[in-house]
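K.L.:
generate a structure from the sequence data that follows.
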Amino acid sequence: MIRDFGKPACSSGGFPQLKRGSLSNYVLIAQDDLNTLGFRTGGLDGIFGSATQNAVISYQRSRGLSADGIVGCNTWRSLQEDVVGTGPTSTTIN
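P.N.:
Below is the predicted model:
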């Protein structure tokens, strides 16, 4: 069975938009990125709860993005660009 993870965050495709209540491996990817960059999500569990939302808002504010707590196109793009080359940290999933 193919599972639909929602519409892509960017019109050109890519990762789906994530918000509070989202449950998926994509949330886990976002949590891993945020933790790697120093924005604590309260764990790596694939559940977009309040701690992950607060980490997203803090990250968005630090990068001058719209601080809405939603991982959309611009936030995904920024996260992926920022995390490249950081190397493993104590919270990075291998």
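K.L.:
and residue 56, what is it in contact with?
P.N.:
By CB atoms under 8 Å, 6 or more residues apart in numbering, the residues touching residue 56 are 30, 34, 39, 69-71, 75. The C-beta positions use only the backbone N, C-alpha and C, and glycine is treated the same way.
K.L.:
no, scratch that, I was asking about residue 59
P.N.:
Residue 59 makes contact with 34, 37, 39, 65, 75, 78-79, according to CB under 8 Å, 6+ apart.
K.L.:
check residue 70 too.
P.N.:
17-19, 56.
K.L.:
sorry, back to before: what's the most distant pair in the contacts of residue 56?
P.N.:
39 and 70 (14.9 Å; CB to CB).
K.L.:
and the average pLDDT for stretch 81-94 is what?
P.N.:
Across stretch 81-94, pLDDT averages out at 72.
K.L.:
measure residue 18 to residue 38 for me?
P.N.:
When distance is defined by CB to CB, to the nearest Å, residue 18 is 19 Å away from residue 38.
K.L.:
for residue 71, same thing?
P.N.:
Relative to residue 38, residue 71 is positioned 17 Å away (CB to CB).
K.L.:
could you find the closest non-adjacent residue to the residue nearest the centre of the chain?
P.N.:
Central residue of the chain (CA atoms, centre = their mean): residue 30, 2.5 Å from the mean position. In space, residue 30 comes closest to residue 71 once its chain neighbours are excluded; the distance is 5.2 Å by CB to CB, 6 or more residues apart in numbering.
K.L.:
kindly report the same for residue 40.
P.N.:
residue 55 (6.0 Å).
K.L.:
so what's that neighbour up against?
P.N.:
Residues counted as contacts of residue 55 (CB under 8 Å, 6+ apart) are 31, 34-35, 39-42.
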